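1. Below are the sequence and a predicted model for it; my questions follow.
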Amino acid sequence: MRFTHTLVRFCGALTATFALSLVLSAAQTALAISPDVVISQVYGGAGCGTAGCSTYQNDFIELFNRGTTAVSLNGYSVQYAAATGTAWQVTLLTNFTLQPGQYYLVAESFGANGVSPLPTPDATGTIAMSATAGKVAVVNVTTALSGACPTGAQIVDLVGYGATASCFEGTAPATAPSTVTADIRAGGGRIDTDQNVTDFTAALPTPRNSSSAGVAVLLLISEFRLRGPGGTNDEFVEIYNPNNVTATVNTTDLSAGYALVASDGVARFTIPNGTVIPARGHYLGVSSAYSLGTYPAGNGTTATGDATYATDIPDNAGIALFNTATAANFTLANRLDAVGSSSEANTLYKEGTGYTPLAGFNIESSWYRILTTGTPRDTNDNSADFFIVDTNATCATIGGSATCVGNAGEHLGAPGPENLSSPVQRNATIKSSLVDPGAVSTASPNRVRDSTPNNCGGLNCSLGTLDIRRRFTNNTGGNVTRLRFRIVDITTFRPPAGTADLRALSSGDIVINLTGGGTASVQNTLLEEPPSQPNGGGYNSSLSAGIVTLGQPLVQGAGINVHFLLGVQTGGSYRFFINVEALPGGASFTAPTSTTKETRTGKLLSSATKN
């Protein structure tokens with residue numbers, strides 16, 4: 001999936017001449033997998049020669065928006081070529097904005113021998129498509145493609161169907177349909193692994209237009225653990241709404257809701273119909289021995305379970321979220337997301353290779369979707385999308401060096417379960433600026449490097465501290481009653497050669513001298529616990545601005561100065577990226593549209609006597 005977002009990044013290096021890089025907005029690199037509009041159904045059976053020989057009276061191409069934001073189809077086209085052909089025929093699409101979860105129907109050549117008329121099409125062409133083999137593309141231009149297998153950024157999605165198709169995504173074309181079957185994309189259109197042969201199944205045609213009921217808004221499994229300090233039942237599974245609008249649970253088979261199911265086929269919990277998950281919000285299912293319900297201390301209601309289950313999910317087993325609670329319908333077509341280890345045999349309960357299986361040890365850990373771009377990574381490959389964090393980075397100890405590689409490597413950090421009432425990501429509307437605009441970002445008082453050993457009063461700053469001060473301004477349109485910052489990327493234990501080892505620490509309130517005269521108050525940020533983080537914060541740890549409360553909100557247009565205190569254990573190049581999370585959440589989000597960068601270079605020396 002592709003998202004546009006803002007992300008606060010502090011990176012560079014620490015040395016005698018060190019510097020800070022702050023990126024206020026960026027865009028994730030587009031993935032090969034279609035991020036939004038895909039071809040969800042192809043039917044070319046209308047041209048058969050005898051009465052009643054085809055299910056529908058028109059060939060058709062159905063599109064679907066599997067993404068999280070609306071897409072304008074103005075200037076788009078669908079195009080068709082014969083299975084081995086090089087000439088492409090074009091049908092222009094209408095000036096229509098396709099919403100997330102919405103279909104769009106393009107009628108093509110009419111055949112009098114078809115049984116049923118199509119639902120009202122959204123666009124109409126005259127292309128006569130083959131019933132059994134051909135190539136179809138949705139293109140963001142109106143110019144005809146050329147060649148047997150065209151490439152280029154103009155191709156939004158492509159499907160080759162039938163054994164003789166000379167162009168397709170992946171290792172093989174989709175199975176050949178017929179005059180009475182269509183090739184239909186799995187998951188109601190959501191599944192896109194760039195493998196036509198597995199993404200599509202030949203089945204009874206079900207043409208859907210823009211007025212048809214859309215499939216469930218995409219939800220992801222964003223964080224989980226299958227055991228913890230409390231034992232094998234100290235578990236949780238967090239569901240995330242990556243959309244810019246609220247997601248309302250609503251099944252189409254009259255079942256009770258969306259089921260989170262383990263690979264034994266047994267549902268552990270159900271998100272009931274009518275549940276509204278905020279834009280970029282979460283839903284949390286927890287086990288009977290779940291031990292993180294008081295995270296964070298002092299505001300322990302945002303990590304309590306929205307649903308509870310009693311039956312243990314075995315270590316390294318796969319889990320999947322389905323848009324139904326009917327066991328007979330736990331199929332790929334109804335699957336919203338899945339995560340499993342490479343040892344999980346049932347591919348319905350994992351995506352791609354699967355994460356690295358680990359031995360069962362009762363530690364404070366969790367698997368979570370990588371957040372280095374600001375939003376959870378979703379490439380449909382669990383091995384690329386997830387890695388594990390724990391409060392002691394003990395993977396090498398618990399799994400052995402042969403196991404601790406790739407996504408199962410040592411990552412200092414903490415579980416951070418979130419429920420329906422948790423703060424949500426508000427990077428676009430709570431942006432950072434310099435505490436002292438009269439000074440550059442790399443100089444005091446905006447950033448201070450204190451090389452005094454162990455100056456933090458603890459064990460996680462043997463080479464002193466790095467203190468980053470920033471102002472955050474509320475442009476959400478309403479009062480913010482809670483403000484915190486989640487670490488989405490950091491150079492920490494164990495760092496590669498030449499890379500700094502930083503530990504996030506709680507800071508105290510301070511008063512700074514401004515370069516133009518006068519002073520400014522800078523508020524503390526508190527490393528949120530539980531779990532206890534004796535080694536300091538790392539990946540997925542969160543820091544709260546405790547001064548912002550329901551009784552003392554950050555009003556619209558107001559700003560707050562805060563500082564992030566990082567203990568320095570090892571010198572070298574460093575990164576420190578955060579997401580801004582706030583309450584209340586919003587019913588919708590405005591995505592940022594531009595990228596602003598301020599770049600610096602430098603290095604942090606290991607010597608405790610140098611700045």
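-> In hand now; what should we look at?
2. Double-check that T198 belongs to a helix.
-> Yes. Looking at T198 with DSSP: H, G, I helix; E, B strand; the rest coil, it is inside a helix.
3. Run a quick check on it versus G170, I expect a contact.
-> Yes. T198 is in contact with G170 according to C-beta atoms under 8 Å; the separation is 7.4 Å. Backbone N, C-alpha and C define where each C-beta goes, glycine included.
4. Would you mind telling me which of those two has more residues around it?
-> T198 (17 against 14; other C-beta atoms under 10 Å).
5. Local confidence estimate at the more buried one?
-> On the pLDDT scale, T198 is placed at 89.
6. what sits against it?
-> Counting by C-beta atoms under 8 Å, 6 or more residues apart in numbering, T198 makes contact with G170, A186.
7. Next, the residue nearest the centre of the chain: secondary structure please.
-> Nearest to the mean C-alpha position of the chain, by C-alpha atoms, centre = their mean, lies P376 at 2.6 Å. Three-state assignment for P376 (three-state DSSP): coil.
8. Could you measure from it over to N241?
-> Using C-beta to C-beta, to the nearest Å, we find P376 at a distance of 11 Å from N241.
9. cool, and T311?
-> To N241, T311 is 26 Å away according to C-beta to C-beta.
10. ok, now V90?
-> Counting by C-beta to C-beta, the gap from V90 to N241 is 37 Å.
11. cool, and D192?
-> For D192, the distance to N241 - C-beta to C-beta - is 19 Å.
12. returning to that earlier point: higher neighbour count, V90 and N241?
-> N241 (24 against 17).
13. what sits against the more buried one?
-> So N241 contacts V217, L218, L219, A247, I277, P278, A279, R280, G281, H282, Y283 (C-beta under 8 Å, 6+ apart).
14. and if we set it to 7 Å?
-> Applying C-beta atoms under 7 Å, 6 or more residues apart in numbering, we find N241 in contact with L219, A247, I277, P278, A279, R280, G281.
15. again, but for S178
-> G45, A131, T132 are the contacts of S178 under C-beta under 7 Å, 6+ apart.
16. Swap in 10 Å and give it another go.
-> Counting by C-beta atoms under 10 Å, 6 or more residues apart in numbering, S178 touches Y43, G44, G45, C48, C53, S54, T55, A131, T132, A202.
17. Which of those residues has the largest number of neighbours?
-> Counting by other C-beta under 10 Å, top hit in the contacts of S178: G44 with 30 neighbours.
18. Excluding chain neighbours, give the residue nearest to that residue in space.
-> For G44, ignoring the flanking residues on the chain, the nearest one in space by C-beta to C-beta, 6 or more residues apart in numbering is M129 at 3.3 Å.
19. count of residues packed around that neighbour?
-> 27.
20. returning to that earlier point: now do the contacts for the nearest residue to the residue nearest to the centre of the chain once chain neighbours are set aside.
-> Excluding the flanking residues, the one nearest P376 by C-beta to C-beta, 6+ apart is R369, at 3.5 Å. Residues near R369 by C-beta under 10 Å, 6+ apart: 220-224, 238, 240, 242, 339, 375-378, 382, 385-387, 540.
21. So which of the residues you listed sit within helices?
-> Among the contacts of R369, the members found in helices (DSSP state H) are N382, D385.
22. give me the low-pLDDT residue ranges for this structure?
-> Residues of the chain meeting the criterion pLDDT under 70: 1-34, 213-217, 395-409, 585-611.
23. List the contacts of the residue nearest to A504 when sequence neighbours are not counted.
-> Nearest non-adjacent residue to A504, counting by C-beta to C-beta, 6+ apart: G537, 3.2 Å away. Residues counted as contacts of G537 (C-beta under 10 Å, 6+ apart) are 391, 412-414, 460, 486-487, 490, 492, 502-506, 527-529, 543, 564, 566-567.
24. Same question for N382.
-> 221, 318, 337-342, 344, 350-356, 367, 369, 407.
25. and the residues you listed, which are buried?
-> Buried members of the contacts of N382, scored by 16 or more other C-beta atoms under 10 Å, are 221, 318, 337-341, 344, 350-352, 354-356, 367, 369, 407.
26. returning to that earlier point: identify the residues contacting the residue nearest to the centre of the chain.
-> Taking C-beta under 10 Å, 6+ apart, we find P376 in contact with 1, 3, 220-223, 240, 242, 280, 368-370, 385-386, 425, 488.
27. And the residues you listed, which is closest to L434?
-> Checking the contacts of P376 against L434 with C-beta to C-beta, the nearest one is V488 at 21.3 Å.
28. if I've got this straight, that closest one is in a strand?
-> Yes. Under three-state DSSP, V488 falls within a strand.
29. I'd assumed A504 was in contact with it.
-> No. Counting by C-beta atoms under 10 Å, A504 is not a contact partner of V488; they are 11.9 Å apart.
30. what sits in contact with each of those two?
-> Residues within reach of V488 and of A504 at once, by C-beta under 10 Å, 6+ apart, are Y539, F576, I578.
31. Distance to V37 and neighbour count added to these, as JSON lines?
-> Formatted as JSON lines, the shared contacts of V488 and A504 follow (distance: C-beta to C-beta, whole Å; neighbours: other C-beta atoms under 10 Å):
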{"residue": "Y539", "distance to V37": "33", "neighbour count": "25"}
{"residue": "F576", "distance to V37": "36", "neighbour count": "24"}
{"residue": "I578", "distance to V37": "32", "neighbour count": "27"}
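32. sorry, back to before: comparing V488 and A504, which shows the higher neighbour count?
-> Higher neighbour count among V488 and A504: A504, with 29 against 23, using other C-beta under 10 Å.
33. Next, work out how far apart that one and T206 are.
-> Remark: distance between A504 and T206 (C-beta to C-beta) = 51 Å.
34. what do you get for N233?
-> Per C-beta to C-beta, N233 is found 42 Å from T206.
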